[in-house]
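K.L.:
A predicted structure for the sequence below; I have some questions about it.
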Amino acid sequence: METKNIKKTIELIPQGKFISYRVFCNFYYRLARTLLFLSYKSMREGLLHLEDELEKFSKGFFQMGLEFVINGNDYELIKHVLTLQIQRESDYYRKKLMQIAMEGILFLHIGASPNKLAILLASIVNIEGNPLEAACKKYFAGDIKAFYKVDLKAFIQPENKMEEVQFIGRAITLGDTAMKEGLLAWEKHLDHNAIIKRDVFEYGIHMIIDNWELKEINKVLNALIMHETDPVKKNLAKAKKEAVNMLYHGRNPRLIVIVLGAYFDESILMEVKKKFSYFLA
């Protein structure tokens, strides 16, 4: 029986699944890498030669926008159609990726240089350790080849360790440790790097060990949450505060999973139950 070779297309904006912060960062790097490649190719060979790349991308927002550009459609028309699609999207990170894609596609349309595109891509997000942002500093300091040296692929991290799943798992583990060994046993499990970064959960755990009153703990944690502007990360911070409160009251692992799972997409809860089933049996 004959089998046809099915070419695997590149997905630049994930569909039909919950997008965690790590997944967002990974797709941002993939998207930026692709846009810069297309910009370099367009500069060398001309815009029409991007047609050779169209079939590499999965059908959807990015491919449609790129096809509009290649077919010579008006800038304002492309922007209008893509903006309408963005407005229909409800997922925060998916919408953000669509906005990045649109801005990149419009830069391709006007023939902006790869350096200008790289600067735009760096400015449009606030990602800690973004190599494009670091390259911007070198570029403005006089290194005109700064963006050529950036390997965005190297910054893509494994996606099987979603931060939401890891956090709930950590809360379960610490709850189990407290039940077996007492609260002071948490001291050897503190994540000092996360505390330096003002992580809500790790702050709370440290304060519980230091025998703070819950009212005092929540006052500090609420102040930390107020500083977060990203709605998805803010939701995660709120879940972390909830976890601190539950651990303070000595809640059991099953209840911790049920309550914290309510903050996230159902897929997160299912992943937690699968990975930490030994705590929930």
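P.N.:
Received it, and whenever you're ready, just let me know what you need.

K.L.:
Please count neighbours and contacts with C-alpha atoms only from this point.
P.N.:
Noted.

K.L.:
Run through the neighbouring helices and strands of the longest helix along the chain.
P.N.:
Secondary structure of the chain per DSSP state H: the longest helix is helix 21-45. The contact analysis (3 or more C-alpha pairs under 8 Å, 6 or more residues apart in numbering; DSSP states H and E) places helix 21-45 against helix 92-110, helix 114-123.

K.L.:
Distance from the helix or strand following the shortest one to the middle of the chain?
P.N.:
Sequence order places helix 131-140 as the next helix or strand after helix 114-123, per DSSP states H and E. A distance of 21 Å separates the C-alpha centroid of helix 131-140 from that of its chain, computed with C-alpha atoms, centre = their mean, to the nearest Å.

K.L.:
Buried ones in the following helix or strand past helix 131-140, by neighbour count?
P.N.:
Using DSSP H and E, the helix or strand that follows helix 131-140 in sequence is helix 163-181. Using 16 or more other C-alpha atoms under 10 Å as the test for burial, helix 163-181 gives 163-165, 167-172, 174-178.

K.L.:
so where is the stretch 151-281 of the chain shaky, pLDDT-wise?
P.N.:
Along the stretch 151-281 of the chain, segments meeting pLDDT under 70 span 159-161, 278-281.

K.L.:
hey, where'd the strands end up in it?
P.N.:
Read by DSSP state E, counting those that start in this stretch, the stretch 151-281 of the chain holds no strands at all.

K.L.:
Between the two ends of stretch 155-169, what distance do you get?
P.N.:
Distance between the two ends of stretch 155-169: 25 Å, counting by C-alpha to C-alpha, to the nearest Å.

K.L.:
Residues contacting that stretch, please?
P.N.:
20-23, 25-26, 29-30, 236, 240, 256-257, 260, 264, 268-269, 271-272, 276 (C-alpha atoms under 8 Å, 6 or more residues apart in numbering).

K.L.:
picking up where we left off before, rebuild the helices and strands packed on helix 21-45 as JSON lines, extending it with mean neighbour count.
P.N.:
Conversion of the helices and strands packed on helix 21-45 to JSON lines gives the following (neighbours: other C-alpha atoms under 10 Å):
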{"stretch": "helix 92-110", "mean neighbour count": "21"}
{"stretch": "helix 114-123", "mean neighbour count": "19"}
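
K.L.:
on that earlier part again, buried residues in the longest helix of the chain, which are they?
P.N.:
Those buried within helix 21-45 under the rule 16+ other C-alpha under 10 Å are 21-36, 38-40, 42.

K.L.:
That helix vs helix 92-110, what angle?
P.N.:
Interaxial angle, helix 21-45 versus helix 92-110 (axes from the mean of the first three to the mean of the last three C-alpha atoms, to 10 degrees): 10 degrees.

K.L.:
what does the following helix or strand past helix 21-45 contact?
P.N.:
Next helix or strand after helix 21-45 toward the C-terminus (DSSP H and E): helix 61-70. By C-alpha under 8 Å, 6+ apart, the list of residues contacting helix 61-70 from outside reads 12-13, 47-48, 50-51, 54, 57, 78, 82, 85, 98, 101-102, 105-106, 108-109.

K.L.:
That concludes my questions; thank you for your assistance.
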